[in-house]
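**Q** the sequence isn't on hand, but the structure is:
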């Protein structure tokens, strides 16, 4: 496979991680980097000395043979940049959050489909071996019916002034929840509070409800004494946990549940039996999620396959984020996803 | 101190715990026990062979010298029983949930005050040495301003058919939150889902907001692979955790926070400093919370002091529960506490 | 099954535990208790009011219908008391350490066999469901060849003046090691130190070697900040851990090992492969080990079966303890088990 | 400060770590690298493209302006290489184990002193902020008298064929123990077993005794299901733990102990009081130990100060290792340190 010629826009902390990964990937060749900050650009050049370095993203359109662009710029610029590169016929990878607006996300999805371009969103955790393991167990029926998923993503630090904890942290959790539970939720409630800066929530609790009664709950915060990165999946046959702070035992599968006979209408306690069984900690593929994600992008560029985390995936996450943001303003009143998009999409 | 003559109504699992504790308490003498179930009553008699055993609570009114009654009957009977004994001039201890209705709780509070009777509610955790420690730190200003508290009370088992996970589990968490944060919240949102039985929520997420922006969040569930009993308290100077599943290291105090200078309007990152300091695990009083609670009741009966967990405390918790229940029906829309009580109190 | 009529000698802390268990056992009837301390005896009588209470163990010989005696007296009295009751035709249960002397242990074993009496030693952990699980896995070949076992039994407190940490703690570990590894070790080394009282070691490290190269190591201490109760078993196919401080996940089985091909004499690294596989936490029988142990004794009395923890088991443990004690005096020089018994046994 | 011109001998896994650290250090300039393996040498050149690359260490003597040499070659070559460079007037850093022989270590120490050269040994953990914290607490008297230290360094993997687990792992533990306890132990016992390769012990237990009764114990293994890196320090006033597997809470200080009054000769239990107090987790300097170690070497080269981990430190560790190895052969019989050196030193 011929390496994919790609450019990176935005070489901040996360952009630098992407750069390191793409630079080490046999399937990729970083031919250009872009950053408005000269110091960052200089730092990036040390990693890829042979790459063209520019301060304005538009200059990338002139780079000969450029096939794909990786966008790790501030979130507010995602939509504009992605649109420019898709229109120029490039394949595009956009970091999370995909966009800050549902209409923008819809436009990008539409544009990528029209132009038959690869559009991938940086929902890193869907590429995590632990999440892939949970998904494969669910698909194989080993969990039974998945009733609900909840997550905690809390720590102290990385207080941001340009986006709240919901938009900064929750895309990770929401993308996993949507992946594991499938299809779209009906409505979303969110509550939270801004303690450090007016209008920038530090702590947000988000609840998602599906039409058939399934649900999910995400707790995100950057003002917390603990460092927790944890998902719990409750199925009718088994339950499971993914704890990303565990160095090696990241997934636990519990043979636990409440079995309902449902045929005893007289004695409730005879109708339900609590089952406490073995616990199983599967050995996972040890590859780094970010490395897997970068490789997946280059493979999709070459094979023209639809990425696991494509634009539609990004759109759904943005819809849930937008609904949660609207619910925050309504003090937790539920906001339907189908109420968001009227008259906004092109 | 002369032992308090008391009777116990309801000798189920939890009633049996109360019986064992009061029977071992030098300050109490259990002179009567009451249960409609003959087998339970027989089991209780083995613990207090000298006590009068009756199947109807009204018969306790004839027990000579009876000073106080401990009510551990099903929640639906709490209001009726407490009212009967208060009117008969007895001091009364009621298990949680205090009542199932705000108006009932208000009536009992009013009655106890009119009759000058001790009325105590079984909010066990407020008597827990860990919670007392947190409260004393907050009162001493060691935590700074307490911004928010959140809790998890989840496990597998004890599925109930007479009340949902909110009414069964959350009184513990709410009583602690109200104790640590002080005064009453303004509104409450709750969302949850019933998986095992129609209309009986197995999982409930409850959010409380105070007028000045403080908040609290409680996650309760009896359909979860983990057994978690944990509170996190986030203050402006320090943060703390109370983990009741830890055998001895139940409280951790974190010298962590984000310090805001607030005088740098140009550079946000210079205006906030993350502080990661020492962690401190204080040695706690090793006494059992239930034993402390039972002793507190007898001491209040003798001293005529107002209990730490008095009827007003019970009333506030019932108001929050009722608001949460109303919000559950509204899919998370916020319910104001002051909307609950109009025209209901006597 | 007719309940076994038994007497308890020694009603201290541990004796009180045994009393509570035998008193609740349908297969046992505690007909007499003995203690030289009047306060303890009085406390014991409250548990078994119908039992005869005596201050001198010889008086038990006059109790009509007495079948079995449970000895929880100080260790120094074990041999004398056990001998007296065996000679009187009683079945006997002796707490650990069985005796303080190899010759005494041999005499008791011989006496029990001659008299055809049940002689059981209180090696509690061999009755623990976690240890039974490990043993059954080993017997089924699931661990491969068991190469070694090591344990830690450390905490702060319970400093004793009548025996050192070796004799007080290690009988538990040694009985499990002998059970899991089978047959007798060849020699024993031990080192340790007395910090709090002259001549009473607070910390002891004991190493056992078997003829075929298998080994075991026990670390015991009552002067340690941690509370650890943990065994690790290393087999050629699997490895396992039993952690008795875990509330429910007491056993972990690791599909880990180093696989040796042994056919590559050129490149060492090609001859060994590290295998890091799944981890499995089996659900265990939830019964209390002490309750299982007490029931086992009464069942052996009725069925005349040889107890799992019989006198020979006790003798082997005493031999290892005596060898370790001798090695302690020799600053760790190995002491052979077969060097202990010359000319001492009858 | 002018950067130190240095060369690195040996660019295997650990040598590559040293190279990366010295290359990033402002106080150092790596002017030459040496490895007999062309592939490794090529890999090293990518990190320091401007450095001279040689396959024979003797060629380094011709590098102009070379001040210091870092030796990360196989242990068997340490003595020969260090001697060559010291004699040539270079300052020398030698990885652990310093040498495989006491006489070699003594010769190097003598040579460095005669030539007034800096000689530093790679006892990494003495530069660890956690160990420095423990040492400063001990020196400040906060621990009371340090009675004993024990460690576990076990995991699965990295089976070596050129040295056993004692020589491979224990230098880390021994250097810390000697640092914390001060001066030299009197004798050493060790026992262990070779399961995977004849004569190469996979598991070794080592016990050190000091003249005044203090002691230390190290358990090392590369055939273990757990990954443990833990020290426990027991002082008369406080106890402490250093757990290097903890991501941030690496040190715990326990206000625990047994206080001995010693004036009650009648009642033992009145003479000893168990103290269970607070636990404290100090915030540590977050710097990487290896980076601190490398900087320390360059600073000593410039300032001519004696390194924290100098040749004498290395010599003592080698003496303990040699005594332990001798004790292994004697099945645990104690070997005195002063028995090792007679007639061997120059």
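**A** Ah, there it is. Because the structure is a prediction, the values reported are computed rather than measured.
**Q** excluding its backbone neighbours, what's nearest the residue most central in space within chain A?
**A** Nearest to the geometric centre of chain A sits residue A:123, at 2.9 Å (CA atoms, centre = their mean). Closest residue to residue A:123 apart from its sequence neighbours, by CB to CB, 6 or more residues apart in numbering or on different chains: residue A:175 at 3.8 Å. C-beta here means a position set from N, CA and C on the backbone, and glycine is covered the same way.
**Q** mind giving me the packing neighbours of the helix or strand where that neighbour lies?
**A** When elements are assigned from DSSP states H and E, residue A:175 belongs to helix A:165-181. Applying 3 or more CB pairs under 8 Å, 6 or more residues apart in numbering or on different chains; DSSP states H and E, one finds that helix A:165-181 contacts helix A:129-139, strand A:146-156, strand A:187-193, strand A:203-209, strand A:215-221, strand A:223-235, helix A:311-329.
**Q** name the residues of it that come out as buried.
**A** A:165-181 (16 or more other CB atoms under 10 Å in any protein chain shown).
**Q** just stretch A:126-138 next, same as before
**A** Buried-residue list, stretch A:126-138, by 16+ other CB under 10 Å: A:126, A:127, A:128, A:129, A:130, A:131, A:132, A:133, A:134, A:135, A:137, A:138.
**Q** residue numbers of chain A in contact with chain C?
**A** Contact residues, chain A versus chain C (CB under 8 Å from any CB of the partner chain): A:249, A:255, A:276, A:277, A:278, A:279, A:280, A:281, A:282, A:283.
**Q** and with 10 Å instead?
**A** A:248-249, A:252-256, A:275-284, A:286 (CB under 10 Å from any CB of the partner chain).
**Q** out of these, name the ones that lie in strands.
**A** Judged by DSSP state E, strands contain the following of these: A:252, A:253, A:254, A:255, A:256, A:275, A:276, A:277, A:278, A:279, A:280, A:281.
**Q** the residues you listed, buried ones only, as a ChimeraX selection?
**A** Of these, the buried ones go into a single ChimeraX selection, burial set by 16+ other CB under 10 Å:
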select /A:252,253,254,255,256,279,280,281
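**Q** reformat the helices and strands packed on helix A:165-181 as TSV; add mean pLDDT and distance to chain D.
**A** Compiled in TSV, those are given as follows (pLDDT from 0 to 100; distance: least, CB to the nearest CB, whole Å):
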stretch	mean pLDDT	distance to chain D
helix A:129-139	98	18
strand A:146-156	97	11
strand A:187-193	98	26
strand A:203-209	98	22
strand A:215-221	98	18
strand A:223-235	97	8
helix A:311-329	98	29
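**Q** what about the closest residue to chain C within the stretch 51-200 of chain A, distance to residue A:313?
**A** Going by CB to the nearest CB, chain C is nearest to residue A:133 of the stretch 51-200 of chain A, at 11.3 Å. Using CB to CB, to the nearest Å, residue A:133 is found at 19 Å from residue A:313.
**Q** could you do residue A:153 as well?
**A** For residue A:153 relative to residue A:313 (CB to CB), the value is 19 Å.
**Q** what of residue A:98?
**A** 8 Å.
**Q** look at the two and report which has more neighbours.
**A** Neighbours around residue A:98 and residue A:313, counted as other CB atoms under 10 Å in any protein chain shown, are more numerous at residue A:98. The numbers are 32 against 22.
**Q** so what's the more buried one up against?
**A** A:71, A:75, A:78-79, A:82, A:104-105, A:108-109, A:119-123, A:171, A:175, A:309, A:311, A:313-318, A:321 (CB atoms under 10 Å, 6 or more residues apart in numbering or on different chains).
**Q** wait, what's in contact with the residue nearest to residue A:123?
**A** A:96, A:98, A:121-126, A:131, A:309, A:313-314, A:316-317, A:320.
**Q** hmm, back to that, contacts only, for the residue of the stretch 51-200 of chain A closest to chain C.
**A** A:240, A:242, A:250, A:251, A:253, A:282, A:283, A:284, A:285.
**Q** could you flag which of these are buried?
**A** Here, 16+ other CB under 10 Å leaves A:240, A:242, A:250, A:251, A:253, A:282, A:283, A:284 buried among those.
**Q** which among the residues you listed gets closest to chain D?
**A** For the buried ones among the contacts of residue A:133, the nearest to chain D is residue A:283 (12.5 Å; CB to the nearest CB).
**Q** show me what contacts that closest one?
**A** Contacts of residue A:283 (CB under 10 Å, 6+ apart): A:129, A:133, A:248, A:249, A:251, C:255, C:256, C:275, C:276, C:277, C:278, C:279.
**Q** just those now: which is nearest residue A:260?
**A** In terms of CB to CB, no member of the contacts of residue A:283 lies closer to residue A:260 than residue A:251, at 26.3 Å.
**Q** measure the closest residue to the closest one other than its chain neighbours to chain B for me?
**A** Of all residues not flanking residue A:251 in the chain, residue A:130 sits nearest, at 4.9 Å (CB to CB, 6+ apart). The spacing between residue A:130 and chain B, counted by CB to the nearest CB, to the nearest Å, is 16 Å.
**Q** so residue A:130 sits against residue A:253, correct?
**A** No. Under the criterion of CB atoms under 10 Å, residue A:130 makes no contact with residue A:253, lying 11.2 Å away.
**Q** list residues touching both of those two?
**A** A:240, A:241, A:282.
**Q** show me which of the residues you listed neighbour chain B.
**A** Okay, of these touching chain B (CB under 10 Å from any CB), that's A:240, A:241.
**Q** in CSV, list the shared contacts of residue A:130 and residue A:253 along with pLDDT.
**A** Converted to CSV, the shared contacts of residue A:130 and residue A:253 look like this (pLDDT from 0 to 100):
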residue, pLDDT
A:240, 98
A:241, 98
A:282, 98
